[in-house]
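[1] got a sequence here, can you model it:
(one chain, ligands or ions: 1)
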Amino acid sequence: MSYLFRELDGRRLFVVRPHWFNDQSFCEVGWHGVLTGAFPKVVTQAMVTGGADHGQKEEEFLEEAEEAEDFGRDVINQTEGVVESAEFFEEVAFNDFYFTGKIDVLHSYPDRLEVFDRKKTFLPQFGMGARRQAWAYCVMLRQQYQPTKKLFWGIMETKSSEVFEKEEFLPRHEQEMLDTCRRMQDLVLGKREPEPPAFPNKCLKCKHAAVCGKKLCD
Ligand code: SF4
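    Numbers count the residues shown, from 1 in each chain. Predicted coordinates for the structure are as follows:
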């Protein structure tokens, strides 16, 4: 499990990949099982399609970024119109954690930055994982660039870019995201047991059901 920690300036930081929040929020047993190798990693068609979509956007981003000396800072500091960029890769040490991941979409307006995560579907009552993922990206962007603009987070539909939800990024969002990081770290360190979902119906459509000893229905 040493690959889940990184030594930095004499500190041992837990590596957090923001896309984990989605899986952890769906079911801790499944997230923990895959992370520790107890469950085989299952690749679904949706994951293949999603990966191809991300890959294409990343290529476009890299083409644009190649032209600039500090593309990220240029986008963040721009003062006219709106610049849309995709697949920002960042690695940021913050608090007790080392965040590493790609921001799906960043909109930079003269007065604000909007960070979006793309999802195929978003149900507000089950959307905490997606929200925490977007909140982690806000923290990464803020720590990396220290922008003076207001920071917003949102969830948008993968293909149509319809915005499901958008709000200003607030301290309570950051706190909740960090609390979840601590919970994930405790699970990895064996200080807590992973919990099955509150809704047994999740087990019916779970890709790990065939190997899971904690499933709630047959
Ligand atoms: S079968 Fe149920 S308990 Fe097991 S990993 Fe899937 S959702 Fe979680």
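[2] any idea how far stretch 205-218 is from the middle of the chain?
    When C-alpha coordinates are averaged (CA atoms, centre = their mean, to the nearest Å), stretch 205-218 and its chain have centres 24 Å apart.
[3] now do the contacts for the nearest residue in space to residue 101 that is not next to it in sequence.
    Spatially, and ignoring its direct neighbours in sequence, residue 101 is nearest to residue 18 (4.5 Å; CB to CB, 6 or more residues apart in numbering). C-betas here are computed from N, CA, C, even on glycine. Residue 18 makes contact with 99, 101, 132-133, 136-137, 140, according to CB atoms under 8 Å, 6 or more residues apart in numbering.
[4] now do residue 33
    Residue 33 makes contacts with 39, 194, 208, 211-212, as judged by CB under 8 Å, 6+ apart.
[5] filter these down to just the buried residues.
    If you count burial by 16 or more other CB atoms under 10 Å, the buried members of the contacts of residue 33 come out as 39, 194, 208, 212.
[6] just the strands from the chain, written as ranges.
    5-8, 11-16, 83-94, 97-108, 112-119, 150-157, 163-168 (DSSP state E).
[7] nearest to the ligand, out of those strands?
    Of all these, strand 112-119 sits nearest to the ligand, with 18.7 Å by CB to the nearest ligand atom.
[8] next, the buried residues of the closest one.
    Neighbour-count burial for strand 112-119 flags 113-119 (criterion: 16+ other CB under 10 Å).
[9] right, I'll call it a day here.
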